[in-house]
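S.K.: Below are the sequence and a predicted model for it; my questions follow.
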There are 2 protein chains.
Amino acid sequence: MPADKNIELSINDDHASAPPKAAKKILDVAYDLFYRRGIRAIGVDEIVKRAGVTKPSLYRSFPSKDELAASYLRQYDLEYWERFDEAVKAHPGDPRAQIKAFLTRIGKRTQVADYRGCGMTNAAVEYPDHSHPARVVSEANKQELRRRLRAMAGAMGAQDADTLGDGLLLLIEGAYISGQLFGLGGPAQSVATNADLLIEASLKK
Amino acid sequence: MPADKNIELSINDDHASAPPKAAKKILDVAYDLFYRRGIRAIGVDEIVKRAGVTKPSLYRSFPSKDELAASYLRQYDLEYWERFDEAVKAHPGDPRAQIKAFLTRIGKRTQVADYRGCGMTNAAVEYPDHSHPARVVSEANKQELRRRLRAMAGAMGAQDADTLGDGLLLLIEGAYISGQLFGLGGPAQSVATNADLLIEASLKK
DNA sequence: ATGTATACGTACCGATCGGTAACATTGTCA
DNA sequence: TGACAATGTTACCGATCGGTACGTATACAT
């Protein structure tokens, strides 16, 4: 895992303003460790060690470990909707195909060893307290997911759009969780199939 | 901290063998704290304090905190299948009604403030390492759940029993998670409805 | 060259983590 | 009464937790 500093130099030698160089390394490392092993399981010492920086550097860029965790999730949120919008853009005006594309992708992602599910979901499980900075980000992400799914269910012409949207959300969350519970060949591989069955059964006849 | 011994005596005056008196109190308290706030979030000091015992007592009955967590989940497992079998017994020979009863119960349980989902699922999120004692119990529980759901889907006459069984599992896991993510009025309240739609769409025509 | 601002490193803080050694006390049953 | 088993008491261990005081190095402008 050494020999990273050279890379970082080469990719960062644009002569733009470079004030927060350490902050990016810290957030990148924290992202990886928090996601793969859990937030509570990772101490700040390990983060700064793997990032090749020191602890005061971390606390100059982030007020606390909890806020660093929240920053990790904000980054996760950005990339999450990027993936979501990719599936949407691939099938303009066809919400059913959009859902199918998104869920097919999730189903595939779950079928790799050591899949760790959704960082948002995991963080909410780790922090039941609704006032925790990480959980605030997580809950907002899930509210937005619910909103989008319900809207798409309506656009599909579901008999009960809210129920179908919520059903799709249940399947998605179930895929995230069972993807990390069962290994390869787990139930999550059928999420797209089951979602399409549910959609078919929920449309106006 | 005194005046507790009298109480414990009065509730424990059955003249059976009473070797592990402290162990039960410890496990009861650990069960409650681990479930509500998470295993990593609770230290052994808090457990012994709330149980009114001392740390050596804990380590005489349990080899480690990790094993105590596993014992908590073994207890959780027992009660889990009690609830499951209740729903099964209520509708003999009718797996579809059994599922509906079980999911209706889950849907209701999720609609209380501070619902914390499934202890098994939460533990697996907290401990990604497959060799962790708590996770071993959790994975076994989920494997058994999958086995039962697939068998019931077959008994219902599904076109593809494994896919329907897995779809039901996804909905259940989704209900556990979204039950603690969204508060009241969350998507989990529709789990029974969505499951029945999915079942209807999956039966042989 | 010198001032100034900013980023970084060394060393440390008190608190808590899981876990243990050694010994005193208690209740139970023979 | 004596013996055993379970629990309690106190004090402690090394490691790690999140977080910080404070001095140093580097960059840039004047």
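M.R.: On my side now, so go ahead.
S.K.: only C-alpha atoms for contact and neighbour calcs from this point on.
M.R.: Will do.
S.K.: And the residue of chain A found nearest DNA strand D, how far from DNA strand C?
M.R.: Residue of chain A nearest DNA strand D, by CA to the nearest atom of the strand: residue A:43 (3.1 Å). When distance is defined by CA to the nearest atom of the strand, to the nearest Å, residue A:43 is 12 Å away from DNA strand C.
S.K.: What values do phi and psi take at that residue?
M.R.: Dihedral pair for residue A:43: phi -90, psi 160, per degrees, to the nearest 10.
S.K.: For chain B, see how far away the nearest residue to residue A:50 once chain neighbours are set aside is.
M.R.: In space, and not counting its chain neighbours, residue A:50 is closest to residue A:29: 6.9 Å by CA to CA, 6 or more residues apart in numbering or on different chains. Remark: distance between residue A:29 and chain B (CA to the nearest CA, to the nearest Å) = 18 Å.
S.K.: For residue A:29, pull up the helix or strand it's in.
M.R.: Take DSSP states H and E as the rule and residue A:29 turns out to sit in helix A:21-37.
S.K.: who's in contact with the helix or strand that that helix is followed by?
M.R.: Note on helix A:21-37: by DSSP H and E, the next helix or strand toward the C-terminus is helix A:44-51. Outside helix A:44-51, the residues that touch it by CA atoms under 8 Å, 6 or more residues apart in numbering or on different chains are A:25-26, A:29-30, A:33, A:54-55, A:58, A:65.
S.K.: mind redoing it with 10 Å?
M.R.: When contacts are defined by CA atoms under 10 Å, 6 or more residues apart in numbering or on different chains, helix A:44-51 is touched by residues A:1-2, A:4-5, A:22-34, A:52-59, A:64-65, A:68.
S.K.: Could you list every helix and strand that the helix or strand following that helix packs against?
M.R.: The element immediately downstream of helix A:44-51 (helix or strand, assigned by DSSP H and E) is helix A:55-61. In this structure, helix A:55-61 makes packing contacts with helix A:21-37, helix A:44-51, helix A:65-89, judged by 3 or more CA pairs under 10 Å, 6 or more residues apart in numbering or on different chains; DSSP states H and E.
S.K.: how close does residue A:49 get to chain B?
M.R.: Look at residue A:49 and chain B: by CA to the nearest CA, they are 22 Å apart.
S.K.: State the pLDDT value of that residue.
M.R.: We note a pLDDT of 93 for residue A:49 in this prediction.
S.K.: helices and strands of chain A: which one has the lowest mean pLDDT?
M.R.: helix A:5-11 (a mean of 30; mean pLDDT, DSSP states H and E).
S.K.: burial of residue A:56, as a residue count?
M.R.: Neighbour count for residue A:56, taken as other CA atoms under 10 Å in any protein chain shown: 10.
S.K.: What residues does it make contact with?
M.R.: Going by CA under 10 Å, 6+ apart, residue A:56 touches A:48, A:62.
S.K.: now the helix holding residue A:29 against helix A:65-89, angle please.
M.R.: 80 degrees (axes from the mean of the first three to the mean of the last three CA atoms, to 10 degrees).
S.K.: Do helix A:21-37 and DNA strand D come into contact?
M.R.: No - using CA under 7 Å from any atom of the strand, no contact is recorded between helix A:21-37 and DNA strand D, whose separation bottoms out at 10.6 Å.
S.K.: Is DNA strand C within reach of that helix?
M.R.: Yes - residues of helix A:21-37 contacting DNA strand C under CA under 7 Å from any atom of the strand: A:21-23.
S.K.: Check these for burial and list the buried ones.
M.R.: Using 16 or more other CA atoms under 10 Å in any protein chain shown as the burial test, the residues of helix A:21-37 next to DNA strand C include A:22-23 as buried.
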